[in-house]
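J.: Quick one, structure for this:
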Amino acid sequence: MLKTKIGIITVSDRASAGVYEDESGKAIIDTLNEYLNSEWTDLYEIIPDEQDLIEKTIIDMVDNQNCCLVITTGGTGPSKRDVTPEATEAVCDRMMPGFGELMRAESLKYVPTAILSRQTAGLRKSSLIINLPGKPKSIRECLSAVFPAIPYCIDLMDGPFLECNEDVIKPFRPKNKIKANS
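T.: Here you go, the predicted model:
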């Protein structure tokens, strides 16, 4: 049986240049390891804040590497170099604004500057792409808010069935879909 592939992209000029170690991408991997019981493998990239490179990396992970889920971290703020949402929108067939709305609402419980975050989500082919903020603590907060919807979203796109560790996170699936793909 093939392992589910999940793309993780850290967007950071400094981490990609080796100025500091990437903690954000590793935080996503650690969180997904806690959430998922399904066998999965990560395709992990650290790239600079360059819109064309972000777009090419997302496209490769979806179109060529067959990732059902691509999660980015970083590049969602208001600075001129923060272009991850623009890159995501450029490569998506349809946007899923509810993800960004919920992540900002969750983050506002902790910091008033959450309104400055521009994370978003969208669909490309049969894959879900989600932008997370760049801080590991914020990654955990945002993923815990939106993750319950992710497995069912992937189900609806005929993606792999993501079995979750329900002692840690409870995904939402309609009762008639719970074992449909298992």
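J.: contacts, neighbours, all on C-alpha from now
T.: Will do.
J.: which residues of this protein score low on pLDDT?
T.: Scanning the chain for pLDDT under 70 picks out the ranges 1, 176-182.
J.: how about the strands in it?
T.: 4-11, 40-47, 69-73, 94-95, 121-124, 127-132 (DSSP state E).
J.: so how far is residue 174 from the residue most central in space within the chain?
T.: Centroid check for the chain by CA atoms, centre = their mean gives residue 71 as the closest residue, at 2.3 Å. Between residue 71 and residue 174 the computed distance is 24 Å (CA to CA, to the nearest Å).
J.: Quickly list what residue 131 is bridged to.
T.: Beta-bridge partners recorded for residue 131 (DSSP bridges): residue 72.
J.: to the chain's geometric centre, what's the distance from stretch 6-25?
T.: On the basis of CA atoms, centre = their mean, to the nearest Å, stretch 6-25 sits 14 Å off its chain's mean C-alpha point.
J.: Kindly apply the preceding question to stretch 44-59 instead.
T.: Stretch 44-59 has its C-alpha centroid displaced from the chain centroid by 14 Å (CA atoms, centre = their mean).
J.: okay, the strands of the chain in a markdown table with distance to residue 162 next?
T.: Formatted as a markdown table, the strands of the chain follow (distance: least, CA to CA, whole Å):
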| stretch | distance to residue 162 |
| --- | --- |
| strand 4-11 | 8 |
| strand 40-47 | 9 |
| strand 69-73 | 11 |
| strand 94-95 | 22 |
| strand 121-124 | 17 |
| strand 127-132 | 13 |
